[in-house]
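[1] all I have is the shape, not the residue letters:
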DNA sequence: ACTTAGCTACCTACTAGTAGGTTTCTCACA
DNA sequence: TGTGAGAAACCTACTAGTAGGTAGCTAAGT
């Protein structure tokens, strides 16, 4: 997420631009015209790569899901304790906020559900399912290695944590204040000391 | 919220219609045309009541904030324990979901921050501040009357709880599944048995 | 007489999308 | 090596509809 390398092709550039736009302005708040201007091609050219805005959105959300899946895999490869993995996840969601200027794509899209194609909604469900499963493994690990305190049911911990992360993002985004993200997460993080 | 009584005037009908629209479709996802059709007046007539969409949104968000403030006051008047007040709050947010078809206005608007007038954002901040203060009093009460377990810092509990409520709404809205709301809240509710 | 609350008509700007064309590149074939 | 066909990736021009908003009018109520 947010790689510094420039994309090598127009299609990737369009996906990057669309993701930034969607995460800060929402699905209904950006247009093909915005992407055309940002990427430097004519609006009609976008339809060559993505026939419809819905198709673009499906590709965007799928790419995002695979990116987060990869990020979770990297966390697993890097950290061995439940505590460190949880902290890394909180960091991923913090970074996605970009100082309060944007949201996780899943959060942004979820709020615009009424405007989304069913295939985008299906991608969101897959994303959520993947995140819930992974977060549950983090709590299972934290419970067994003792690095996260007071873990009851990892599945319910995962449900609560994903909601907490997304809600904390909304708070920080609404007021463009990262301190709100930190405060919302602080009790959860206290369980990792 | 969601009173059955029909509004007595067009302005109130417009606010009701706009709120329903904004909560299910987001700020950028509904239009004056939608409201005109719903209320049964011409689009241009809306401008008589609300000169701009921004003005309509400020009025909407202010009305919502006052409504929630009143709802919290009613909870205080009805319940004496921290536990019952917390449960009532969770119920208010559950009702706002309308079976997964809509969101709390604050959640919906927060996701569209980029499109909002600064006066709407100011109303959102007031709303959040009011909710955080009130929820903190609920945890203070729950801590002192022993009806909520493991209360550490009421202020941080409030920050976590508001985020959890909003995130749980997003989950339920994304998949139109109220069970997701219940699951996300279940560990918190366990602390009230 | 003034105000309110609606109306029609119209404005500019924007939206997603379509149609048909041009340019450049690649590959197969003679 | 040159040529031609086809594909890819862009272009201009356009469509139909929608967006928020304005101007001026009318009728009813106070």
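    Here it is on my side, so go on. Since the model is a prediction, treat every value here as computed from it, not as a measurement. Residues are numbered from 1 along each chain as shown, chains lettered A, B, ... in the order given.

[2] let me see the mean pLDDT of the strand or helix carrying residue A:93.
    Under the assignment given by DSSP states H and E, the secondary-structure element containing residue A:93 is helix A:82-97. For helix A:82-97, the mean pLDDT works out to 98.

[3] what sits up against that helix?
    Outside of helix A:82-97, the residues that reach it under the criterion CB atoms under 8 Å, 6 or more residues apart in numbering or on different chains are A:1-2, A:23, A:68, A:71-72, A:75-76, A:78-79, A:102-104, A:135, A:138-145, A:147-148, A:161, A:165, A:168-169, A:172-173, A:178, A:181, A:185, A:188-189, A:192. Where you see a C-beta, it was placed from the backbone N, CA and C, and this is true even at glycine.

[4] filter these to the buried ones?
    A:23, A:68, A:71-72, A:75, A:79, A:102-104, A:135, A:138-143, A:147-148, A:161, A:165, A:168-169, A:172-173, A:178, A:181, A:185, A:188, A:192 (16 or more other CB atoms under 10 Å in any protein chain shown).

[5] okay, now the closest residue to residue A:153 other than its chain neighbours: neighbour count?
    On the basis of CB to CB, 6 or more residues apart in numbering or on different chains, the spatially nearest residue to residue A:153 that is not a chain neighbour turns out to be residue B:187, at 7.6 Å. Number of residues near residue B:187 (other CB atoms under 10 Å in any protein chain shown) recorded here: 17.

[6] what does residue A:123 give?
    As a measure of burial, residue A:123 has 24 neighbours, counting by other CB under 10 Å.

[7] ok, the residue nearest to it when sequence neighbours are not counted - how many residues close by?
    In space, not counting the residues next to it along the chain, residue A:123 is nearest to residue A:61; the distance is 4.0 Å by CB to CB, 6+ apart. Using other CB under 10 Å, residue A:61 has 25 neighbouring residues.

[8] residues touching the closest residue to residue A:83 other than its chain neighbours, list them.
    If the residues on either side of it in the chain are set aside, residue A:83 comes closest to residue A:147, at 3.4 Å by CB to CB, 6+ apart. Neighbour list for residue A:147: A:81, A:82, A:83, A:84, A:141, A:192 [criterion: CB under 8 Å, 6+ apart].

[9] which residues touch residue A:63?
    With contacts taken as CB under 8 Å, 6+ apart, residue A:63 has the following neighbours: A:15, A:19.

[10] may I ask which helix or strand encompasses the nearest residue to residue A:120 once chain neighbours are set aside?
    Leaving out its chain neighbours, the residue that sits closest to residue A:120 by CB to CB, 6+ apart is residue A:57, at 4.7 Å. Here residue A:57 is covered by helix A:53-78, with elements defined by DSSP H and E.

[11] centroid residue for chain A?
    Averaging the C-alpha coordinates of chain A gives a centre point, and the residue nearest to it by CA atoms, centre = their mean is residue A:104 (3.5 Å).

[12] could you measure from that residue over to residue B:39?
    Applying CB to CB, to the nearest Å, the value for residue A:104 to residue B:39 is 35 Å.
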